[in-house]
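> 3D, please:
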Amino acid sequence: MKIKLSPRLEAIAGCVDGTSSMADIGTDHGYLPVYLVENAMTASAIASDTNQQPLKKAEKIISELQLEKQIETRLGSGLSVLKPGEVETVVMAGMGGLLIRDLLEAQSDVAMETQKLVLQPMNNQAVLRKYLEAAGFRIIREELAQEENRVYQVIVAKPGKMVFTNDLEYQLGFEFYTQKHPLLTALIDRKIFLEQQIVLSTRGKTTAVAAKQWQESSLFIEKLNEVKKWLSN
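Prediction:
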């Protein structure tokens, strides 16, 4: 059996490639660590999850491929399954940005002893980037992956310092204006679409909350359209 990854997981795998050891926190079926080991993108891996059921499925795949010596499974929450410095790279993907932030904060000693964090928040990407900035991490790479109409953001960080100079960096990626990722326009279009839904749902409403949401979303759409125009030049 050869594991085939989705575009989202492929982007994550590309960010892990070249590390000697990694841990996949919230591994689900274990496809990512299996793929990485099978393709010699890492020498060893730890696949962990908070739930026994998906971990058993991961163990079955690992056993079928005879990768037990390279991939270890662990049951537990977040980085609590790791010791500081135990692996070079930690992956936390497919969960909310607030949860990733909380898990990093809960075991900050483990997070700070990694050479690389590969994070793929499903939402609240801006909140996560603000946390990384405040907590002493530097974003060294940003990747995007598209599946149908959704664009996923992958954040690669390591201990260090960074300063955001543009508020849009929190939403679109650290130093997005220098990277100009090929999928950046698609990400912007998706964000504009979502903000337009807020504008439509709050237009004409008189409550203070609705008026504020309408104003903030309208202004955000303006800024995003300015970036789109800049990218097309």
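
> domain parsing for this structure?
Per automatic domain parsing, the structural domains of the chain span 7-176, 186-232.

> just those: most buried one?
Sort those by mean neighbour count, taking mean count of other C-beta atoms under 10 Å, and domain 7-176 sits at the top with a mean of 19. (Each C-beta comes from the backbone N, C-alpha and C, glycine too.)

> what about it, how long is it end to end?
One end of domain 7-176 sits 20 Å from the other (C-alpha to C-alpha, to the nearest Å).

> from now on call the first residue 11
Understood, numbering begins at 11; the last thing we discussed is domain 17-186.

> which residue ranges of this protein form helices?
Using DSSP state H, the helices of the chain run over residues 17-26, 41-48, 62-74, 107-116, 118-122, 135-145, 178-182, 186-189, 194-212, 218-242.

> now do the same contact list for the one residue sitting closest to the centre of the chain.
The structure's the chain has its C-alpha centroid closest to residue 130; by C-alpha atoms, centre = their mean the separation is 1.2 Å. Neighbouring residues of residue 130 by C-beta atoms under 8 Å, 6 or more residues apart in numbering: 18, 21, 22, 101, 102, 103, 104, 162, 163, 164, 165.

> what pLDDT does it get?
If you check residue 130, the pLDDT there is 98.

> ok, now residue 11?
In this prediction, residue 11 has a pLDDT value of 66.

> which helices and strands sit right next to the least confident helix or strand in the chain by mean pLDDT?
The weakest-scoring helix or strand in the chain, judged by mean pLDDT, DSSP states H and E, is helix 186-189 (a mean of 90). The helices and strands touching helix 186-189, judged by 3 or more C-beta pairs under 8 Å, 6 or more residues apart in numbering; DSSP states H and E, number zero.
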